[in-house]
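A.B. asks: One predicted model, sequence on top.
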Amino acid sequence: MKIGNFFFVFFFILLSLACVLFTVSSQKVLASGHAVAQGPAIKLAAPPDRVWVREEKVFLSGVLTGINVSTVTVKGVRTGAKKGILSVDGGAFGTMLSLKKGVNTIEITAGPVKERIRVCYIPAGSNKRPPRGFRHFYVHAKQTPLIGCRECHRYRKGIFKFKRMIPAVSNCTSSSCHSNTQARQAHVHGPVGAGICISCHNPHGSFNRYQLERKGKELCLVCHQAKRAWYKEPVIHSPVKEDCIDCHDPHQSPKRFQLKGTGRSISSLCFNCHDKTIFTRKHQHGPVAAGDCVACHNPHASTNEKLLIAPMADGQLCFQCHSDRRESFNRKYVHDPVRDDCGNCHDPHSSNFRYQLLDSQPRLCKSCHEDLNPEVFKDIATARYEHPPAAKGECTACHEPHASNYRPLLANSMEKLCFSCHEDLGDHVMESRFRHGPVKTGDCTACHKPHGSQFVKLLVRYYPTQFYAAYSPDKYDLCFGCHNKNIAKTKYTTTLTNFRDGKFNLHYFHVHRKKGRTCTACHAPHASNQYKHIRSEVPFGGWSYPIVFTKRKTGGTCVVGCHAPKTYDRVHPRLNLPGG
């Protein structure tokens, strides 16, 4: 034998020995927790009283306490001993019984002490019901006489010590009985590898199927005692509550931890219970695609809902892997769902939408924001003039979905964000000396609606698009949202404006005409290199006429293609206007 194999077998023998040290001898019947019973008695290991079995052959075994005799007599059933007289060895005795169908009343006599038991034999396939109060006792299907008590029980100074057991190597996996391939796969349960079947199976019989020593999880916890801590957690996986073998093969498996499953990944095990369809949509979370369910879930128990390895709140679970994104979530303004649970927007397993979103981008955002910001979705739905990103449902073209340093979760400052698409306008503004107030503060929404509008150029209020327009207050609704509307209504003034010749208001003069000029005839709405945002040129038809404005201490001069050079003066009128 190779040294490596020797240590492997030796290790599992030690492991199994540690397991059986916790096992009460003869499966709780012989020792009953005491080395010596009080008074003379016959203690039976198997079969117990008032049981029913499926096997005709049952091995009777027991121990005498407080009785010093050399033989025991068994009556009421055929035995493997002549006249039913059994030899006593170290206080123990045993023989094979041949049961008749129905109830067998068996009497065991040792000196002055008698013990009577009733065992009902109901052959396999029979539909006969056992007597009331009789429990099913499972024995080996091919029952043979046990090798000898000394194989499993300690023998000292002429008597057996049943409190502890010897981890005897069994011959269960012979070619004539159980398959001899029980320990050939990649991952073998320790007792199986060491051939110590009695660590889990009671050779005498048990009230548990497969002659298991204990029921459900308690069988496993005899050795795996540290795992008892799982059962104190608030969330326990359903199979763990009942029986470990729903997930683990008790003997061997190609998978680590003797996991059951037909594929290479852990998920092949999970899909035995969980619906596979929710994991196989078009866009899959990385761990799901790899079949690594335990990347996010504890398979046994957890302090977190859904057996998660960390809480979902504040992204604690997701940051276990996505730590590179943590800094971007710590910005000044955080999207409320992000603080609460990433699962509010993302399916943690798979989705038909990119990034495992629960729905398409516009519908997902709308599911919350239609109630939170109804005016936004009204603008989008009723817009005569659409903003392309909003019309296409590309919310993240302008908004960060997780966190931002700008309200309302904008991907950048409003000015830089808008100019990232409107590049020519951005260049013009950056190259200009004088900027319109909202442009200077970076507030594009002072004049424009970002989602959609009833007015051209996404303006928040009406503004005429033509160069000439007869004066009407509603035509200047946009500008008069900030500027003093009296500047266009008052013909004579000394306070409303400095653009006057004497007292004659030159704004009034330009506006109140049959072919009145609109504000943008002379003023650039965003920025200019000339004082008072006077534009550098005026578009007119297919032409573009230059404007040169010179500001003076008490007035100014305008040289423009649409009329001869004009000079105005507030102190010394120059234009000969009536009342100036």
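C.D. replies: Received it, and whenever you're ready, just let me know what you need. Since we're looking at a predicted model, the values are computed, not measured. Numbering: from 1, shown residues only.
A.B. asks: so what strands line up beside the helix or strand containing F549?
C.D. replies: Using DSSP states H and E, F549 maps to strand 543-551. Using DSSP bridges, the strands paired with strand 543-551 in its sheet are strand 537-540 (antiparallel), strand 555-560 (antiparallel).
A.B. asks: most packed of those?
C.D. replies: Neighbour counts (mean count of other CB atoms under 10 Å) averaged over each of these peak at strand 555-560, with a mean of 18. For the C-beta atoms, the positions are set from N, CA and C on the backbone; glycine is no exception.
A.B. asks: Other residues contacting that strand?
C.D. replies: Residues from elsewhere that reach strand 555-560 (CB atoms under 8 Å, 6 or more residues apart in numbering): 499, 501, 534, 538, 545-550, 565-571, 574.
A.B. asks: Can you show me the helices along this protein?
C.D. replies: In the chain, the segments counted as helices under DSSP state H are 3-20, 190-193, 217-221, 238-242, 267-270, 286-289, 336-340, 361-372, 374-382, 388-391, 414-419, 423-430, 437-440, 506-511.
A.B. asks: I'd like to know which of the strands paired with strand 543-551 is closest to E375.
C.D. replies: strand 537-540 (33.8 Å; CB to CB).
A.B. asks: Can you give the contact residues for that closest one?
C.D. replies: By CB under 8 Å, 6+ apart, the list of residues contacting strand 537-540 from outside reads 467, 521-522, 544-547, 560-562.
A.B. asks: Kindly export it (C-alpha atoms) in PDB.
C.D. replies: Extracted as PDB, the C-alpha positions of strand 537-540 are listed here (Å, rounded to 0.1, in the frame of the first residue of the first chain):
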ATOM      1  CA  GLU A 537     -24.400  88.600 -36.600                       C
ATOM      2  CA  VAL A 538     -28.000  88.600 -37.600                       C
ATOM      3  CA  PRO A 539     -29.400  85.700 -39.700                       C
ATOM      4  CA  PHE A 540     -31.800  87.100 -42.300                       C
END
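A.B. asks: and it, average pLDDT?
C.D. replies: For strand 537-540, mean pLDDT is 82.
A.B. asks: now swap in stretch 431-445 and tell me
C.D. replies: Here the average pLDDT along stretch 431-445 is 95.
A.B. asks: quick check: domain ranges of the protein?
C.D. replies: The chain breaks down into these domains under automatic domain parsing: 41-163, 226-358, 384-460, 463-580.
A.B. asks: Would you mind giving these as TSV with distance to A183 added?
C.D. replies: Output for the domains of the chain, formatted as TSV (distance: least, CB to CB, whole Å):
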stretch	distance to A183
domain 41-163	20
domain 226-358	6
domain 384-460	52
domain 463-580	81
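A.B. asks: of all those, which lies closest to H201?
C.D. replies: With CB to CB as the criterion, H201 lies closest to domain 41-163 of the domains of the chain, at 8.8 Å.
A.B. asks: So which residue is dead centre in the protein?
C.D. replies: P348 (5.1 Å; CA atoms, centre = their mean).
A.B. asks: so what's the spatially closest residue to it that is not a sequence neighbour up against?
C.D. replies: Leaving aside its chain neighbours, P348 sits nearest to H285 (5.9 Å; criterion: CB to CB, 6 or more residues apart in numbering). Contacts for H285 (CB under 8 Å, 6+ apart) come out as 347-350, 356.
A.B. asks: now C270
C.D. replies: Neighbour list for C270: C293 [criterion: CB under 8 Å, 6+ apart].
A.B. asks: got it, and A81?
C.D. replies: So A81 contacts 74, 95 (CB under 8 Å, 6+ apart).
A.B. asks: Got phi/psi on it?
C.D. replies: Dihedral pair for A81: phi -110, psi 150, per degrees, to the nearest 10.
A.B. asks: D336 versus the closest residue to N330 other than its chain neighbours, what's the distance?
C.D. replies: Take N330 and drop its neighbours on the chain: the residue closest to it by CB to CB, 6+ apart is A403, 7.0 Å away. Counting by CB to CB, to the nearest Å, the gap from A403 to D336 is 11 Å.
A.B. asks: okay, the two: which has more neighbours?
C.D. replies: More crowded of A403 and D336, by other CB atoms under 10 Å: A403, with 18 against 9.
A.B. asks: quick one: the strands in the stretch 151-300 of the chain?
C.D. replies: Applying DSSP state E, counting those that start in this stretch to the stretch 151-300 of the chain gives strands spanning 153-156, 159-165, 187-188, 235-236, 252-253, 283-284.
A.B. asks: Dump the ones you listed to JSON lines, plus mean pLDDT, distance to P388 and mean neighbour count.
C.D. replies: Below are the strands of the stretch 151-300 of the chain laid out as JSON lines (pLDDT from 0 to 100; distance: least, CB to CB, whole Å; neighbours: other CB atoms under 10 Å):
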{"stretch": "strand 153-156", "mean pLDDT": "77", "distance to P388": "86", "mean neighbour count": "16"}
{"stretch": "strand 159-165", "mean pLDDT": "71", "distance to P388": "79", "mean neighbour count": "19"}
{"stretch": "strand 187-188", "mean pLDDT": "90", "distance to P388": "58", "mean neighbour count": "17"}
{"stretch": "strand 235-236", "mean pLDDT": "96", "distance to P388": "47", "mean neighbour count": "15"}
{"stretch": "strand 252-253", "mean pLDDT": "90", "distance to P388": "56", "mean neighbour count": "18"}
{"stretch": "strand 283-284", "mean pLDDT": "94", "distance to P388": "25", "mean neighbour count": "16"}
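A.B. asks: Could you dump the ones you listed into a markdown table and include distance to A92?
C.D. replies: Compiled in a markdown table, the strands of the stretch 151-300 of the chain are given as follows (distance: least, CB to CB, whole Å):
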| stretch | distance to A92 |
| --- | --- |
| strand 153-156 | 8 |
| strand 159-165 | 5 |
| strand 187-188 | 33 |
| strand 235-236 | 42 |
| strand 252-253 | 34 |
| strand 283-284 | 62 |
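A.B. asks: one step back: mind putting the helices of the chain into TSV with distance to K43?
C.D. replies: As requested, the helices of the chain are arranged in TSV below (distance: least, CB to CB, whole Å):
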stretch	distance to K43
helix 3-20	20
helix 190-193	27
helix 217-221	23
helix 238-242	32
helix 267-270	43
helix 286-289	55
helix 336-340	63
helix 361-372	70
helix 374-382	81
helix 388-391	85
helix 414-419	86
helix 423-430	95
helix 437-440	97
helix 506-511	116
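A.B. asks: closest to D324 out of those?
C.D. replies: Judging those by CB to CB, what sits closest to D324 is helix 286-289, at 13.5 Å.
A.B. asks: which of the residues in that closest one are buried?
C.D. replies: Of all the residues in helix 286-289, those buried under the rule 16 or more other CB atoms under 10 Å are 287-288.
A.B. asks: ditto for stretch 419-432
C.D. replies: 419, 426, 428-429, 432.
A.B. asks: With stretch 273-285 instead?
C.D. replies: So for stretch 273-285, counting by 16+ other CB under 10 Å, buried means 279, 284-285.
A.B. asks: show me the contacts for P464.
C.D. replies: 475, 518.
A.B. asks: What residue, apart from its backbone neighbours, is nearest P401 spatially?
C.D. replies: H335 (6.3 Å).
A.B. asks: For that neighbour, grab the count of nearby residues.
C.D. replies: Neighbours of H335 (other CB under 10 Å): 19.
A.B. asks: cool, the one 3 residues further on as well?
C.D. replies: Close neighbours of V338, defined as other CB under 10 Å, add up to 19.
A.B. asks: re the thing from before, pretty sure the residue nearest to N330 contacts S328?
C.D. replies: Yes - contact status for A403 versus S328: in contact at 6.3 Å, counting by CB atoms under 8 Å.
A.B. asks: related to what we said a few turns ago, format the contacts of H285 as TSV; extra columns: pLDDT.
C.D. replies: Output for the contacts of H285, formatted as TSV (pLDDT from 0 to 100):
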residue	pLDDT
D347	94
P348	93
H349	94
S350	95
Q356	94
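A.B. asks: Out of the residues you listed, which two sit at the greatest distance?
C.D. replies: P348 and S350 (8.8 Å).
A.B. asks: what touches both of those two?
C.D. replies: Both P348 and S350 are contacted by 285, 288, 356, under the criterion CB under 8 Å, 6+ apart.
A.B. asks: need the contact list for the second one.
C.D. replies: V288 makes contact with 267, 279, 348-350, according to CB under 8 Å, 6+ apart.
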